[in-house]
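A.B. asks: Mind looking at a prediction? Sequence and model below.
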Amino acid sequence: MTTPTPGPRALRAVGTARTRVEGRDKVTGAARYAGEIPFADLAHGWLVLSTTTRGRIRTIDTAPVLSMPGVLAVLHHANAPRLNTDYVGMLGTPPDPTAAVFQDGEVPFAGWPVALVVAETPEQAREAAEALEVAYDEAPHATVLIADDPAAYAAAGHMPAETEKGDLEAELACSAVVLDEEYTTPEEQHSMMEPHAATAMWDGGRLEVVDSNQGAGWVQSELAAMFSLDASAVRVRSEHIGGGFGSKGLRAHQVSAVMAATALQRPVRVVMTRRQTFSLAGYRSPTTQRVRLGADPDGRLRALEHRSLNQTSTVYEFVEPSAGVARVMYDADAHRTANHVVRLDVPSPTWMRAPGEAPGSFAIESAIDELAVRAGIDPVDLRLRNEPEAGPVSGLPFSTHNLADCLREGARRFGWSDRDPRPGVRRDGRWLLGTGMAAASFGAGAMPSTALLTAEVDGSYTVRIAAADIGTGARTALTLIAADALETTPERVRVRIGDSDFGPAMIAGGSMGTRSWAWAITAAAAELRERLAAAPDLPPEGITVRSDTTEALGALTQKERHAFGAQFAEVAVDTATGEVRVRRMLGIFAAGRIVNPLTARNQLVGGMTWGISMALHEEAVRDRNTGRHYAPDLAGYHVATHADIPDIEADWVEDHDPDDPVGIKGVGEIGIVGAAAAVANAVWHATGVRHRHLPIRPGRILTTSASAPLSAGGGAADA
């Protein structure tokens, strides 16, 4: 066959608005998700979770359950296979023992997996699981996060636990304006639409898992290590994912499904219920954050301290790096940050959209707003006056730093200059009106990835990469990137994702997915074009090349790379009912090269929507005595609905970095950063009351408004 030649190109694909390539399949039901793909001879597993908070299993009475209709097996700590947990996974951490199920009789928290009942149908499995009687020996427990807990300790996670330069106390003493406040954020749940689901089976001595995850290679490598298998003996597929937000890594359902499939030698599917995800799928830890700021009369920061405390389980350390955002946003002569954790008898937290930056930005951006008011400086101007020249902690130059452009453009489009800075002076009938703003940043890193590109004999191209599209539009973005790299049209490119057999690749997380995958695809495309230019004819199987960006990543280490943004919000507050309504919201971002404006704006608006939900609604509440959740479902856990969300506008400024080999910075997480602070700052402007504890529920509005007469000094009370 003759080597295909690129067709005419009127326009580049990247930068044009494109609907999702799999969109029709999703809206017509042709796209199958992990929990609905049919398999012959499929059995169903149902997890049984502990009802005690801490202790040890005394007995499990399996005999009555095994005699129930359709029941095939009951797996628990006395009969389950032993697992290997002595390894470091893809993310640089050991596995969470919550996923290494049924290894002993210890129960470290309420909702710990204690058994799996397997039956012919999911209904039979559920009925039998609910009938299984488990007795426990209970032990004392602690489940409440306390700001000054003496057991708290500094924890690094994926960044230094503490950073410090300068004499903080001396600079605070010399400051004309000083702030010292505490801010708290509650536990949040991921609440993705599609629950966690996995089907495991053995095929010719090879383990196959069809899953809903944020990285097929990630889950494959973890399962291979845990079950002491060669990586080539495990294949994980995850084509369509109905949301993840950080929660869809290795969990109890995949491991227990593999155990059951091994024991029964037939396919077994395990799907978590919504309630089970509250204890088994991770969550955003509550935080307690202290911010101390000191500034000159003109608002220049002399001192900055941001300390954060989060909870983790007794079996696994997870750090919510909330103090990390201060290490990027603002510099000062004396600069101190710290991330601390305390171990409690609660489930393990995990990554959630903008981990660290989302709760951290609420604290630091609320504090900066308070400092502006105390100094009598406009909040936008104060941020512009404190734009750092280099990384405040690293000292490295920024690749680009277009926050000022975001602030100025956002202020112009929002009409910020028309704002009366005095709180509580604008009314619309029974509503008090206020406006607020906040700044945002999120890192733009990359991780090693491989890609396979094939030039087909029919003139088309096939891209294979173990990427994951968790609803972000990644599949479509990669199609556009590949088309431009191959100098062809998107219609001639097929992108296949979600299969660990395609080789190692970055997970969908940290706003690094598309950035990392695009780099691998572009590198493979360059090599493929060279091969095609040198090949007069194509063999019947086409020509395939494989790229690996591992060595090329060194180009990113000499600069700080971040996306930036500015959030603006207007709220209406009814102090008689406590109701808060966000009337309008604008976000302007500097997020590098925008691959697909349609899906990029969708991601930014989605992040801002979550920020509104974080500010006003979301809080997973635990019983202080047991550590168990009240109403762990989507009826009891409140999230913003359509009626809560105004016409949100998201846009971006030019953010070109000629030295960046990819140019993409990611938009999945920057949208939520600063959004909650902008809303909270707007509530202060409307009412004169500072709310430093999220969410700003009606009860908190009512409690503070009754005892907070406005003063001319710019504030009435704190909440």
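C.D. replies: Sure, I can see it.
A.B. asks: right, and Val117 touches Val65 too?
C.D. replies: Yes. With contact defined as CB atoms under 8 Å, Val117 reaches Val65; the gap is 6.3 Å. In short, each C-beta sits where N, CA and C put it, glycine included.
A.B. asks: Overlap in contacts, the two.
C.D. replies: The overlap between the contact sets of Val117 and Val65 (CB atoms under 8 Å, 6 or more residues apart in numbering) consists of Val71, Val74, Ala128, Ala129, Leu132.
A.B. asks: Would you write a PyMOL line that selects the buried entries of those residues?
C.D. replies: Selection of the buried residues among those in PyMOL, burial being defined by 16 or more other CB atoms under 10 Å:
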select buried, resi 71+74+128+129+132
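A.B. asks: ok, back up a step: so between Val117 and Val65, which is more surrounded?
C.D. replies: Val117 (29 against 22; other CB atoms under 10 Å).
A.B. asks: dump the residue contacts of the residue nearest to Ser516 when sequence neighbours are not counted.
C.D. replies: With sequence-adjacent residues excluded and distances taken as CB to CB, 6 or more residues apart in numbering, Ser516 is closest to Met506, at 3.7 Å. For Met506, the contacting residues are Gly215, Ala446, Met447, Pro448, Ser449, Ala467, Met512, Gly513, Ser516, Trp517, by CB under 8 Å, 6+ apart.
A.B. asks: what's the following helix or strand after the helix or strand hosting Trp519?
C.D. replies: Per DSSP states H and E, Trp519 falls inside helix 513-534. Going down the chain from helix 513-534, the next helix or strand is strand 543-548, by DSSP H and E.
A.B. asks: List the contacts of that following strand.
C.D. replies: Counting by CB under 8 Å, 6+ apart, 448-455, 503, 520-521, 523-524, 527-528, 531-532, 535 sit against strand 543-548.
A.B. asks: Let's see that with 6 Å instead.
C.D. replies: By CB atoms under 6 Å, 6 or more residues apart in numbering, the surrounding residues in contact with strand 543-548 are Thr450, Ala451, Leu452, Leu453, Thr454, Ala455, Ala520, Ala523, Ala524, Glu527, Leu528, Arg531.
A.B. asks: Name the next helix or strand downstream of that strand, please.
C.D. replies: Next element after strand 543-548 (DSSP H and E): strand 562-574.
A.B. asks: how near is Thr514 to Val258?
C.D. replies: Distance of Thr514 to Val258, given as CB to CB, to the nearest Å: 30 Å.
A.B. asks: can you check Thr687 too?
C.D. replies: The spacing between Thr687 and Val258, counted by CB to CB, is 54 Å.
A.B. asks: now swap in Gly410 and tell me
C.D. replies: Distance from Gly410 to Val258, by CB to CB: 49 Å.
A.B. asks: Between the two ends of stretch 377-395, what distance do you get?
C.D. replies: Using CA to CA, to the nearest Å, one end of stretch 377-395 lies 28 Å from the other.
A.B. asks: List the buried residues in stretch 470-480.
C.D. replies: Ile470, Gly471, Thr472, Gly473, Ala474, Arg475, Thr476, Ala477, Leu478, Thr479, Leu480.
A.B. asks: Of those residues, which belong to helices?
C.D. replies: Mapping those onto helices (DSSP state H) picks out Ala474, Arg475, Thr476, Ala477, Leu478, Thr479, Leu480.
A.B. asks: one step back: which one of the contacts of strand 543-548 is nearest Ile594?
C.D. replies: Proximity of these to Ile594 (CB to CB) peaks at Ala520, which lies at 19.7 Å.
A.B. asks: how many neighbours does the closest one have?
C.D. replies: 32.
A.B. asks: and it, what is it in contact with?
C.D. replies: Ala520 neighbours (CB under 6 Å, 6+ apart): Ser449, Thr450, Ala451, Ser547, Thr549.
A.B. asks: How about His693?
C.D. replies: Neighbours of His693 in contact, by CB under 6 Å, 6+ apart: Thr184.
A.B. asks: same question, Leu433
C.D. replies: With CB under 6 Å, 6+ apart, Leu433 has these contacts: Arg426, Ala572, Ala686.
A.B. asks: about what we covered before: how about the helix holding Trp519: buried residues?
C.D. replies: By neighbour count on 16+ other CB under 10 Å, the buried set for helix 513-534 is 513-525, 528-529, 532.
A.B. asks: repeat for stretch 379-392
C.D. replies: Pro379, Val380, Leu382, Arg383, Leu384, Arg385, Asn386, Pro388, Gly391, Pro392.
A.B. asks: What of stretch 603-618?
C.D. replies: 603-618.
A.B. asks: what's the closest of those to Tyr316?
C.D. replies: Closest approach to Tyr316 among the buried residues of stretch 603-618 (CB to CB): Glu618, at 23.2 Å.
A.B. asks: In contact with the nearest residue to Asp405 once chain neighbours are set aside, which residues?
C.D. replies: Nearest residue to Asp405 in three dimensions, chain neighbours excluded: Val653, at 4.5 Å (CB to CB, 6+ apart). Neighbouring residues of Val653 by CB under 6 Å, 6+ apart: Asn402, Asp405, Cys406, Glu409, Ala590.
A.B. asks: The same query, at a cut-off of 8 Å, please.
C.D. replies: So Val653 contacts Asn402, Asp405, Cys406, Glu409, Ile588, Phe589, Ala590 (CB under 8 Å, 6+ apart).
A.B. asks: Out of these, list just those in helices.
C.D. replies: Asp405, Cys406, Glu409.
A.B. asks: and the gap between the last one and Asp655?
C.D. replies: Between Glu409 and Asp655 the computed distance is 12 Å (CB to CB).
A.B. asks: Between the two, which has more neighbouring residues?
C.D. replies: Between Glu409 and Asp655, counted using other CB under 10 Å, Asp655 has the larger neighbour count: 23 against 19.
A.B. asks: avg pLDDT for the helix or strand hosting Ala115?
C.D. replies: Using DSSP H and E, Ala115 sits in strand 113-119. Strand 113-119 shows a mean pLDDT of 99.
A.B. asks: so how far is that strand from its chain's centroid?
C.D. replies: Relative to its chain's centre, strand 113-119 lies at 29 Å (CA atoms, centre = their mean, to the nearest Å).
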